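S.K.: model this:
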Amino acid sequence: MSDVTQKSPKIAKPAANAKDKQVKLRLVHVNVWSATKISFFVSLAVAILNVVATFVIFTLIHAAGFFSSVNEFIASIVGTNAVDVSTPFSAMTMTGFSMLGGIVLVVLGSIFGALAAIVFNAISRMTGGLRVSFANDK
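M.R.: Below you'll find the model as predicted:
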């Protein structure tokens, strides 16, 4: 019988799982033309949504009889039916104003997207960029 003490074999640590891997990168430049295109399409989507929502809301308000009750209220105060509120606030008139606002939104949104990319590029030159970490979610 021997008094030899056996050491238990060391268990090797498994390699890092794909789940645990992270990649750390720095964002140092945004292409101005790409930012302009993205901001144009986002602004266009918001403008279309605004026009459709305006049309639906004013159609529902008109169908609910809101403008006729406002006309009756004004007629009871003034004493005559000289004012018709439904004409300047019709669904088509308000949709037209919404379309004008949508055009302005698309133009200014595109300009803002380009300016935001230019400002980001200038700031990232001074600060070294934006650190971003990505992880594998398998």
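
S.K.: for the residue nearest in space to the middle of the chain, give its distance to residue 53.
M.R.: Nearest residue to the geometric centre of the chain (CA atoms, centre = their mean): residue 42, 6.9 Å. Distance, residue 42 to residue 53, by CB to CB, to the nearest Å: 16 Å. Yep, even glycine has a C-beta here, placed from its N, CA and C like the rest.

S.K.: same question, residue 86
M.R.: Applying CB to CB to residue 86 and residue 53 gives a distance of 20 Å.

S.K.: what is the mean pLDDT for the helix with the most length in the chain?
M.R.: Across the chain, the helix with the greatest residue count (assigned by DSSP state H) is helix 91-127. For helix 91-127, mean pLDDT rounds to 95.

S.K.: buried residues in it, which are they?
M.R.: Neighbour-count burial for helix 91-127 flags 91, 94-95, 98-99, 102, 105-106, 109-110, 113-114, 117, 120-121, 124 (criterion: 16 or more other CB atoms under 10 Å).

S.K.: hang on, the earlier thing: so for residue 86 and residue 53, which residue has more residues nearby?
M.R.: residue 86 (16 against 12; other CB atoms under 10 Å).

S.K.: please give the element, helix or strand, for that one.
M.R.: Per DSSP states H and E: residue 86 is located in neither a helix nor a strand.

S.K.: residues contacting it?
M.R.: 62, 67, 68, 71 (CB atoms under 8 Å, 6 or more residues apart in numbering).
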